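Trainee: Could you look at this predicted model? Sequence included:
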Amino acid sequence: MTQVDHTRMANAIRGLAMDAVEKANSGHPGLPMGAADIATVLFTQFLKFDAAAPGWPDRDRFVLSAGHGSMLLYALLYLTGNKDMTLDEIKRFRQVDSLTPGHPENFRTKGVETTTGPLGQGIATAVGMALAEKMLAAEFGKKIVEHHTYVLVSDGDLMEGVSQEAIALAGVWRLNKMIVLYDDNGISIDGPTSISDSVDQVKRFKAAGWAAELIDGQDQAAITAAITRAQKSNKPSLIACKTTIGYGAPKKAGTAKAHGEALGAEELKAAKERLGISPEPFSVPDDVLQAWRTAGARGAAARQEWEARFAELGPRKRAEFERRLRHERPASLARALRDHKKKLLESPLNIATRKSSEAAIDAIAEAMPFEFVAGSADLTGSNNNKAKSAEAFGAKTPKGRFIHYGIREHGMCAALNGIYLHGGFAPNGATFLVFTDYARPAMRLAALMGTGVTYVMTHDSIGLGEDGPTHQPVEHLAALRAIPNMRVFRPCDAVEVAECWELALSRTTGPTVLVLTRQNLPQLRTSAPADNPCGQGAYELIAAQGDAKVSLFASGSEVQIAVAAQKQLAERGIASRVVSVPSLELLLSLPDAKQKTIIGTAPVKVAIEAAVRWGWDAVIGHDGVFIGMHGFGESGKAADLFKHFGITAETAVNAVLKRLA
């Protein structure tokens with residue numbers, strides 16, 4: 001392209017962004033206006049994609065981490081010929097049910113790789129995508145898997161702490177197919193970034209093991225040369241592109257006024273005059289649109305060549321690749337878990353559920369040796385989610401399937417999203433349950449996007465003992481259950497653990513949390529029905545001998561307390577039933593009739609859980625008995641702590657006797 005061609009194509013992005021934000025009277029025009037030159041160079045000269053096939057497996061990934069600048073991406077999708085992104089959708093920017101929501105949503109708009117908006121999430125998720133590319137290429141070969149992950153970040157993305165976790169991981173893993181384009185405009189909503197930040201980002205990235213440089217982000221030739229250098233690097237690359245926010249706006253360019261509000265009719269008119277853009281709203285000259293459509297079709301040949309190479313694979317390997325990208329599980333998984341549960345019934349394991357999980361993972365890894373990708377934010381020896389057969393992933397061991405994330409819970413969970421969204425793997429990550437506080441933004445996005453990742457969260461209550469209240473979760477079960485589309489399982493023994501793993505791996509519409517104990521638990525289950533009782537959230541573990549006067553509900557380590565209470569009540573001639581509740585929110589999602597059958601009609605209902613009461617009233621009623629935590633924990637031995645806080649069979653029995661008196 002000539003310089004004039006480039007300028008007119010970049011201005012098409014600017015014009016659409018200005019018009020859409022103005023029409024909606026809401027949005028962020030500044031970033032699309034400032035970064036239009038970067039995007040134009042990337043999409044017309046470098047990005048490997050085919051607008052007619054946005055899901056092509058070997059496409060380059062483009063992540064707009066600066067999700068507030070969403071009109072940049074929507075304009076690109078329209079201009080390059082994405083069939084779903086029409087001009088009418090551009091005109092419906094930020095309206096209900098449009099394909100152009102305020103921030104990009106991958107579950108709504110084809111061509112959007114991941115949901116962004118909470119700053120820092122995009123770059124951290126992209127690390128997972130680049131990681132998945134590296135692992136999948138090592139397995140299937142570069143003829144089938146060889147693509148880049150490009151990320152456009154803002155100042156705000158790099159201020160968020162998760163960005164440091166992400167870039168450190170990308171650096172140590174030498175993810176050289178990851179290229180970050182930094183829209184270095186020096187402006188945030190409050191004003192110049194200098195009022196709160198003085199970091200030299202180029203030096204920062206270099207210190208983390210990246211190649212990094214600073215260029216003029218409005219110079220086509222400089223952008224082209226920098227991306228060319230980055231593609232040849234053996235390290236991940238940062239290209240800091242010095243830009244002017246709101247480029248072209250006479251009064252608001254370079255100011256916070258261009259960041260998060262419409263330009264206004266007068267400034268919009270003046271900006272278009274200065275840039276040489278037609279005053280007609282949403283107008284793109286025919287020759288410019290055609291040039292963009294040609295760019296959108298540029299990757300068709302590369303896609304067809306890839307399809308030909310893919311067809312040359314043996315039928316078994318081809319089917320394996322396609323199955324894994326669909327997130328379908330192999331038939332061998334069901335067999336492996338069925339055999340594992342059979343062994344548990346033959347030789348019960350009276351161990352901590354974190355250790356029961358380790359046993360299940362060993363069985364899973366044998367059935368899914370390449371797609372089952374585990375990892376831990378340090379604490380591997382405590383979380384027990386590393387299969388005995390697993391090799392550690394690293395820059396020189398890309399076939400490794402266990403990832404050491406270091407003490408980076410947030411970065412880990414964001415990377416899990418990226419691994420899943422890339423396709424080809426069933427990822428899980430582990431830490432202590434209390435540290436979900438560090439990871440919650442990425443976990444929430446997983447639930448919003450519907451990524452089928454698994455979180456292995458151990459040390460689940462005061463049962464972890466001496467580490468005390470800083471490490472003892474009490475509100476965390478309730479907090480995770482409150483996230484829509486988040487599935488939380490707290491299994492009571494080794495059999496339930498296996499069943500919950502089976503449910504987690506079969507779930508591809510949202511994330512699952514496995515909440516596991518540090519302390520040993522007895523194996524209570526004596527059967528493993530094919531229909532998986534944990535799949536309905538709760539089930540009657542032990543029926544009453546006679547007409548039940550009491551229903552005892554419990555999860556995890558407290559199920560054994562409910563069983564002990566049932567025995568003590570039976571000694572007093574009081575019939576009771578024990579209901580294990582591995583997933584409270586799954587139980588409450590059942591149809592009313594099914595819920596009522598499981599909850600039962602016993603006049604006294606007791607819930608026992610070493611956590612806060614929130615959520616349990618839906619089962620036991622406001623007047624039900626709750627045996628659990630009412631504040632923070634304390635340092636001490638687990639057995640002593642359960643007595644200290646009154647979470648015992650005796651407490652439950654006394655409460656029942658009082659109700660029946």
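Mentor: Okay, I see it. Everything numeric here is computed off the predicted structure, so don't read it as measured data.
Trainee: got the contact list for the closest residue to Gly276 other than its chain neighbours?
Mentor: Distance criterion C-beta to C-beta, 6 or more residues apart in numbering; nearest residue to Gly276, sequence neighbours excluded, is Asn11 at 6.8 Å. C-beta here means a position set from N, CA and C on the backbone, and glycine is covered the same way. Counting by C-beta atoms under 8 Å, 6 or more residues apart in numbering, Asn11 makes contact with 36, 248, 275-277, 288.
Trainee: now do Glu499
Mentor: Glu499 touches 341, 491, 528, 532-535, 582, counting by C-beta under 8 Å, 6+ apart.
Trainee: Likewise for Ser98?
Mentor: Ser98 neighbours (C-beta under 8 Å, 6+ apart): 89, 92.
Trainee: what are the phi and psi angles of it?
Mentor: According to degrees, to the nearest 10, the main-chain angles of Ser98 amount to phi -80, psi 170.
Trainee: in the stretch 101-250 of the chain, which spans are strands?
Mentor: For the stretch 101-250 of the chain, the strands defined by DSSP state E, counting those that start in this stretch cover 149-153, 178-184, 187-188, 191-192, 211-216, 237-242.
Trainee: ugh, wrong one, the stretch 301-450 of the chain
Mentor: 372-376, 402-404, 426-432.
Trainee: Only C-alpha atoms, please: export the first one in CSV.
Mentor: I take that to be strand 372-376. What follows is strand 372-376, C-alpha atoms only, in CSV (Å, rounded to 0.1, in the frame of the first residue of the first chain):
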residue,chain,number,x,y,z
PHE,A,372,-5.2,-33.0,30.3
VAL,A,373,-3.1,-30.0,31.3
ALA,A,374,-2.7,-29.4,35.0
GLY,A,375,-0.8,-26.7,36.9
SER,A,376,-0.4,-25.1,40.3
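Trainee: Direction included, what does it pair against?
Mentor: strand 402-404 (parallel), strand 426-432 (parallel) (DSSP bridges).
Trainee: on that earlier part again, same list (the strands of the stretch 301-450 of the chain) but as CSV, adding mean pLDDT, distance to Lys23 and mean neighbour count.
Mentor: Output for the strands of the stretch 301-450 of the chain, formatted as CSV (pLDDT from 0 to 100; distance: least, C-beta to C-beta, whole Å; neighbours: other C-beta atoms under 10 Å):
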stretch, mean pLDDT, distance to Lys23, mean neighbour count
strand 372-376, 98, 44, 25
strand 402-404, 98, 45, 22
strand 426-432, 98, 40, 27
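Trainee: Name the SS class of the residue nearest to Gly633 when sequence neighbours are not counted, please.
Mentor: Spatially, and ignoring its direct neighbours in sequence, Gly633 is nearest to Gln472 (3.6 Å; C-beta to C-beta, 6+ apart). Following DSSP: H, G, I helix; E, B strand; the rest coil, the label given to Gln472 is coil.
Trainee: any idea of the pLDDT on Gln472?
Mentor: Gln472 carries a pLDDT value of 98.
Trainee: Over to Leu524?
Mentor: On the pLDDT scale, Leu524 gets 98.
Trainee: wait, doesn't it sit right on Val559?
Mentor: Yes - look at Leu524 against Val559 with C-beta atoms under 8 Å: they come within range, at 6.3 Å.
Trainee: Between those two, which is the more surrounded one?
Mentor: Val559 (30 against 20; other C-beta atoms under 10 Å).
Trainee: So that one: helix, strand or coil?
Mentor: Val559 - assigned by three-state DSSP - is helix.
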